[in-house]
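Enquirer: Kindly generate the corresponding structure for this input.
(chains A, B, C and D)
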Amino acid sequence: MNPVNYLYLSALLFTIGATGVLIRRNAIVVFMCIELMLNACNLAFVTFSRMHGNLDGQIIAFFTMVVAAAEVVVGLAIIVSLFRSRHSASVDDASLMKL
Amino acid sequence: MSAQELAAYSTSTGEAFQFWVLGTVAVIGALATVFMKRAVHSALSLAGTMIILAIFYLANGAYFLGIVQIVVYTGAIMMLFLFVVMLVGVTAADSLKETIKGQRWLALLCGLGFGILLLAGIGNASLTEFDGLSTANANGNVEGLATLIFTKYVFAFEITGALLITAAVGAMVLTHRERTERAKTQRELSEQRVREGKYVPPLPAPGVYARHNAVDIAGLLPDGTPSELTVSKTLRDRGQIRDVSAEALNDLKALEQRAEERLERTEIEPATFKREEASK
Amino acid sequence: MSFPLLTATAVLPALGAVATAAVPAARRTAAKWLALVVSLATLALAITVLVRFDPDGGRYQLTESHAWIADFGVRYELGVDGIAVALIALTALLMPFIILAGWHDADPLETGSRRWRPTQGFFALILGVEAMVIISFEATDVFLFYIFFEAMLIPMYFLIGGFGDRAHEHGEEAASTQRSYAAVKFLLYNLVGGLIMLAAVIGLYVVAGNFSLQEIAEARANGSLHMATNTERWLFLGFFFAFAVKAPLWPLHTWLPNAMQESTAPVAVLITAVVDKVGTFAMLRFCLQLFPEASKWATPAILVLALISIIYGALLAVGQRDIKRLVAYASISHFGFIIMGIFAMTSQGQSGATLYMVNHGISTAALMLVAGFLISRRGSRLIADYGGVQKVAPVLAGTFLIGGLATLSLPGLAPFVSEFLVLVGTFTRYPAVGIIATFGIVLAALYTLVLYQRTMTGPVKQEVSAMPDLRARELLVVAPLIVLLIFLGVYPKPVTDIVNPAVKSTLSDVHKKDPKPSVEAAK
Amino acid sequence: MENLIALLVAAPLLGAAVLLCGGRRLDAVGHWIGVLMSSASFVFGVILFADLLGKDAEHRTLMQHLFSWVPVEGFQADVAFRLDQLSVTFVLLITGVGSLIHLYSVGYMEHDERRRRFFGYLNLFLAAMLLLVLADNYLLLYVGWEGVGLASYLLIGFWQHKPSAATAAKKAFLVNRVGDMGLSIAIMLMFTTFGTFAFGPVLSHTGDTSEGKLTAIGLMLLLAACGKSAQVPLQSWLGDAMEGPTPVSALIHAATMVTAGVYLIVRSGAIFNAAPDAQLAVTVVGAVTLLFGAIVGCAKDDIKKALAGSTMSQIGYMVLAAGLGPIGYVFAIMHLVTHGFFKAGLFLGAGSVMHGMNDEVDMRKYGGLRKYMPVTFITFGLGYLAIIGFPGLSGFFSKDKIIEAAFAKGGTEGWILGTCALLGAAITAFYMTRVMLMTFFGEERWKNQPTRSPEAPSAEPAAEHHGEHAEPHPHESPKVMTIPMIVLAVGSVFGGAFFSIGDRFLHWLEPVTGHSEGDSPLSAAAVTGGTMVCLLIGVGIAWAMYGRRPVPAVAPRGSLLTRAARRDLLQDDFNHVVLVRGGEHLTRSLVYVDHTLVDGVVNGTAASVGGLSGRMRKLQNGFARSYAVSMFGGAAILIAATLLMRAV
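Expert: Reported below is the predicted structural model:
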């Protein structure tokens, strides 16, 4: 089997995650979808590192994880405070982009 | 031959089998993440997907990452998610009904197009030959990563450290609520109640039935309607009050009817009629 | 590495602007004095530049050059030729008068407005404009020039939109809306011009590989850099369009009347006497040097436009009912003369045009500032609201008349020399154009005298009967300008001596020789 | 000795500067400063004149080069003066008569609180005029030329609170500007032709260039001359110029402004000699103006306007003579000088009459004034005799010579021009007699009727003495006014004789202007006889009309010609309809165009952009997710693009 399939898989997962971001309103779920996308990328990285035979890909994936962790922490904190202020976790409710 | 070489060049049929099975599961998990009504379920299915990804990492010779994936992601991050979900409301199932006109179709269309393009891109990129990680992982995957991290990527590494700290502090700052005045003592509260002249006695208890832990069941007022006051504020906010007034009345009816039957008063219709009425 | 005089001349007012803006709200007067002192110091520096500059020396002097954005060959390159020196001197000279004239223009209406600091802002912006104008006169790197040519718009925008005449015939509400309209119009016009120029600048970089004016001019001269005819023409048009907007050339002029009408007199002077000069100056320095062939190709069209500006501007000035608008249209007519002189491509024409820039700056300043004093007294810009001022305020009327006579270029006052040079220079090569342009002289007399007659002469209007004559501060503003007008009218040699060599080399860039007279009677 | 030349100009210029910048503290002595300065420059003039007399004829030219004025590549304009016989003649006339008028004004403007400024302007006027006649190149001459225009603007509009005065001043300046345009074009032509515009080179090289160019230059110079000397078609400002105080009229008409045109033509003689067509044009203009002015003069009831008409026609004589070329130059100048004397005298006399009559200017309200103001009467009378060319008086000599010269032109031209000149002489005699009779003879029409021309300025001296509606009681003017009149009268009596006996003037000017006797078809005696006959006819008719019959106090409707002449032969109406109205319409429509068309295009674009963005705004619904969709779609499109690029 050709490891390229891993890439196909990651692409698929990424797309699903993206679509989720677009159609879900619950901020937490949206967040999960973002995580899904990140993971898909990580998979791609890892596969690439295997293909090119060096570890840089894995390093990047590692950094991605770290950053993702940080991002999740902050993001969830934001969600919580949002929920406190306006008893809902819906993305649309929170959107004040239009004055 | 050891897993190392195996991961390096050829991909054994075993891996192929593993890929096709677990890959399917992963995709299903992803879909579930997106389409489950309740956040908890989404979180769980995402966790499943992540574990499968961890396995794939291992299969791709990224042992360290595989472990980290399980420990950090599935172990820490997903748990964090669950915490928040609990905090925000487990049962708060948000309807999947779309509010923005055409959003869903647009989204699906974009997703479809995007996915197709991506796959096509990967497809026509000639990635047939590949040299495995045997050399890179020669003296241990972890050592290999470490050397890279602490030599080539040391600067980025430091920065990510700073980033993590910032994130932690940021999270605290965001969630921390500054208490402006001293918390009121019991005494002050009661005094205040008396002064305001409402709810001088403590709030009424919830209607507890020995059915399950039922703090979420409102107590009934004499006319049989449930009283919001009897349920705690958080539940009220989440709208997780269970209204059992109807069944209570039904049970009452049932009781009466049985009593009637025992007393050989057989006019079924009214009873049934009543029941239907009650069930309304 | 000697002392970077040019940089200092530009940086000093910039620092002054920052300092002025930083003055605390309560200390208004301090800010004013600070601005005044800074402008005077800048004048001193400009004079040193004037002194250090050797007319017979190299073309660009006091040059400075440092790498700036190495990847794109952008350099921080300064250098002045005679034309630039003259204009820098003019700018630095006018600033103190502008500041003095605007002494009370930015005092807040309601006293004790702590938060907003209009006065500080006003003077800081003026100094900022000065800094940018000066550096764009000095820049010999096209990109550097472009940056400041555009950046100039920002402070000007706020000056026009933020500070208007204290009294307005339609009340403060209408005033503010019209102000903002004028400001936005100014900004849009110049931005459009600037963007087109930006495209041309990039194009130039693509063609030439660097931005240095001198290098490119060199390369063009010795043929090592060859441009395809069409390329050169397009680039030229790109540059010229921007400059034509800045120095309003018909039909791109309509922003000027609004801007000058709505802004306070000192700001109006700033626009027409200083900022617009950058446009005409840039035509002379960039268009002709970088694109000699294209310039020659475009000359007929440009001359026609200039001619239209001259006549059209003058006619419209006659038709105006608003003093400031009238002066604005007069300026449009004068800019027509300047551009005509530049593109006549004769040494008389171009020396005249340069001289014209200087003289027009001074004369317009004199006329406009006096007009401003007049308007501030009566609180109206409409000519019809005045009459018989000459009887109640003779000094004001006298200075106004002298300013007007300078505008109609009366011999003995500075503008005459330049205007006549331009006319002669044009006539020697394009007699028809020269003759038509002379009609502008008559029209100039018409609008000036009509303005003077309607405002100053006749029976005294009841509203102006209590009008005070010029105060000491105002006299201090006007008198030096008038003295200067007379001096340069009688003895323009100092300026021409500086300008002539620069003009000569510019002409050699475009490979043009003055037409010889049919009879050699001079010897 | 050369250095004195600059002082000629400097003195009055200094005076003007001091008086205008001096401020109120000079009010007390201001007028005397003015008189001092002008007479100082007269003294300088006399000294220089004496110096020139000392030299022999062809070395009578002093040059002074002050500094290089406008040095530009190939364009050299210097501030340099040339004093030769021609210019010194003018200098003496200007400063001499000018000083007298200064003196006269001291009395005339006595009660005007702005007298100091008046004298400042007068000095400025003298300075400009002197610069004009002393300049050594045309550009510097142009400075004086326009300086004169400015001074006249200031003086005519001196009573600015009178709208009529302000308008007249503006008109004068504008009409002159048209002339100036001609001069500047002429200078440009010279520059392109000769590469310079200094008198010496230009006038000495006229042979080297084509006649066409010279004709063009000549015509442009003629246009300039028409503007300054009020020749048809640019004469319309002269009548209105009477809005100024009377001394100003005297100064403008007699000594300075209007003579500038004649000076220009005579000075540029070399050019005209080489361009016959231009010369012809000059003579035609002169002849037409001569008759035009005379006719206008006949119809006016306003004494000053009548005199203005006569000035026009006298200048016409000079221009005519100047147009005749070497035959006439000298006589043009001679008539100019003598005219300077008697016309100044006449105007000062008229001023003195008005002074005594509450500034009444309508001659129909005069009459029989000879008893009341004898000195004025005598001086005015002498001036009158001089101007109509009464034998032995100065006008006789100069005008007679011009008429001879006109015939001497030869050919039909000569006949036509000569006849015009003769006709002019007759009309002159008529209208001057008319003025004389209406003013000083006949019954006293001003009796028992309040006379006060409504628009007469309160600043005029007599107003303080008499109330608004007082019957005038005529009185002789003070010494300071009469003395200049007497001096001028003397000049106008003996001037001509002095110049002509032994052709003094001719020999004096010949080196500069050159002279040639034309071949006159008539003998000098015949011409003189003809002139005498015309004179008598003119006087006779006037006597018949105004001397025998009483003059109606209200002007009769009069014939068509009379009415036309009262309105300056409709020339003003023409200007008004064609130029003023047309100009107004043009400007108004242009303003409209500028606002709607030029500006409208821009605003239109702006509006359309605004509308478009208004539509676009609908897309921004503020929902994060829909933005996300667009981002995602964008990403998809990017990928598609890259793939396509790689595919292609």
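Enquirer: And residue B:109, how far from chain A?
Expert: Residue B:109 is 10 Å from chain A, where distance means Cβ to the nearest Cβ, to the nearest Å. Every residue, glycine included, has its C-beta placed from N, CA and C.
Enquirer: so the closest residue to residue B:232 other than its chain neighbours, which of the three states?
Expert: Spatial nearest neighbour of residue B:232, excluding adjacent residues (Cβ to Cβ, 6 or more residues apart in numbering or on different chains): residue B:215 at 6.6 Å. Under DSSP: H, G, I helix; E, B strand; the rest coil, residue B:215 falls in the coil class.
Enquirer: hang on, residue B:215 packs against residue B:235?
Expert: Yes: taking contacts as Cβ atoms under 8 Å, residue B:215 lies within contact range of residue B:235: 7.3 Å.
Enquirer: quick one: which of those two has more around it?
Expert: Taking neighbours as other Cβ atoms under 10 Å in any protein chain shown, residue B:215 and residue B:235 compare with residue B:235 leading, 19 against 12.
Enquirer: Give me the nearest residue to that one, chain neighbours excluded.
Expert: For residue B:235, ignoring the flanking residues on the chain, the nearest one in space by Cβ to Cβ, 6+ apart is residue B:216 at 5.3 Å.
Enquirer: Could you do residue D:121 as well?
Expert: Distances taken as Cβ to Cβ, 6+ apart place residue D:154 nearest to residue D:121, at 4.6 Å, with adjacent residues excluded.
Enquirer: Tell me which residues touch the residue nearest to residue B:235, please.
Expert: B:206, B:231, B:235, B:240, B:241, B:242 (Cβ atoms under 8 Å, 6 or more residues apart in numbering or on different chains).
Enquirer: Give the rounded mean pLDDT of stretch D:90-110.
Expert: The predicted model gives stretch D:90-110 an average pLDDT of 87.
Enquirer: Is residue 83 within a helix or a strand, and which one?
Expert: Since no chain was named, I'll use chain A. Using DSSP states H and E, residue A:83 sits within helix A:56-85.
Enquirer: other chain: chain C
Expert: If you go by DSSP H and E, residue C:83 is part of helix C:82-101.
Enquirer: quick one: is that helix near chain D?
Expert: No: using Cβ under 8 Å from any Cβ of the partner chain, we find that helix C:82-101 stays clear of chain D, coming within 12.3 Å at best.
Enquirer: how far off helix C:82-101 does the helix or strand following that helix point, in degrees?
Expert: Using DSSP H and E, the helix or strand that follows helix C:82-101 towards the C-terminus is helix C:118-138. In terms of direction (axes from the mean of the first three to the mean of the last three Cα atoms, to 10 degrees), helix C:118-138 departs from helix C:82-101 by 170 degrees.
Enquirer: Would you indicate which residues of helix C:118-138 are buried?
Expert: Applying a neighbour-count criterion of 16 or more other Cβ atoms under 10 Å in any protein chain shown, the buried positions in helix C:118-138 are C:118-138.
Enquirer: go on, stretch C:16-34?
Expert: For stretch C:16-34, the neighbour count (16+ other Cβ under 10 Å) marks C:16, C:17, C:19, C:20, C:21, C:23, C:25, C:28, C:31, C:32, C:34 as buried.
Enquirer: ditto for stretch D:581-590
Expert: With burial defined by 16+ other Cβ under 10 Å, the residues of stretch D:581-590 counted as buried are D:587, D:590.
Enquirer: and that stretch, what's its mean pLDDT?
Expert: Across stretch D:581-590, the average pLDDT comes to 81.
Enquirer: Contacts for that stretch next, please.
Expert: Under the contact criterion Cβ under 8 Å, 6+ apart, stretch D:581-590 has outside partners C:312, C:315, C:316, C:318, C:319.
Enquirer: I'd like the distance from it to the chain centre, please.
Expert: Centre-to-centre, stretch D:581-590 and its host chain are 28 Å apart (Cα atoms, centre = their mean, to the nearest Å).
Enquirer: Where does confidence bottom out across the buried residues of stretch C:16-34?
Expert: Lowest pLDDT among the buried residues of stretch C:16-34: residue C:25, with 76.
Enquirer: All set now, cheers.
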